[in-house]
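Undergrad: Make a model of this:
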Amino acid sequence: MKKIFSLIILMVIFVMTAAACGMSAKEKEEQEKIKELAGPLAVELAKDMDGKELIIDEYKFSSKIGGGTIFVRGHYEGEKSNFRSVQVVYNPENIRDMEARGMSHGKEKE
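TA: Here you go, the predicted structure:
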């Protein structure tokens, strides 16, 4: 009887821990919307700065407390080894309020 009770307690703790670590559906949906809005801003900034079309490879959210920053990483056509990263800052309370602030570049590690 004690083994069954202990097993149930362990399972409940495991499920609660797994649920706490995961992202809610609403948070995932919000992140997708932020990506959808940030991508065109990054492409536009790259076009304004270098006159080239940015091909987006990935998005990375800042781990800074409070959020509000996403890095849109990509490359220009024919320059796959030279990455570009555009910083897009947004208001976590109103994700439509965003601005592309700057672009950095570098070479991929081989």
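
Undergrad: how about low-confidence regions in the chain?
TA: Along the chain, the model assigns pLDDT under 70 to residues 1, 15-23, 108-110.

Undergrad: could you say what helices and strands the longest helix along the chain packs with?
TA: Taking DSSP state H as the criterion, the chain has its longest helix at helix 25-50. Contact analysis of helix 25-50 by 3 or more C-beta pairs under 8 Å, 6 or more residues apart in numbering; DSSP states H and E lists strand 54-61, strand 69-76, strand 82-91, strand 94-107 as its packing neighbours. Placement of C-beta: from N, CA and C, glycine included.

Undergrad: So which bits of the second one are buried?
TA: Translated: strand 69-76. 69-76 (16 or more other C-beta atoms under 10 Å).

Undergrad: Pick the one among these closest to Glu29.
TA: Ile70 (15.1 Å; C-beta to C-beta).

Undergrad: Now do the contacts for the closest one.
TA: 34-35, 38, 59-62, 87-88, 90 (C-beta atoms under 8 Å, 6 or more residues apart in numbering).

Undergrad: related to what we said a few turns ago, would you turn the helices and strands packed on helix 25-50 into TSV with distance to Ser24?
TA: Shown next, in TSV, are these (distance: least, C-beta to C-beta, whole Å):
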stretch	distance to Ser24
strand 54-61	15
strand 69-76	18
strand 82-91	19
strand 94-107	16
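
Undergrad: do you know which of those strands lies nearest Glu30?
TA: Across these, closest to Glu30 is strand 94-107 (C-beta to C-beta), at 6.8 Å.
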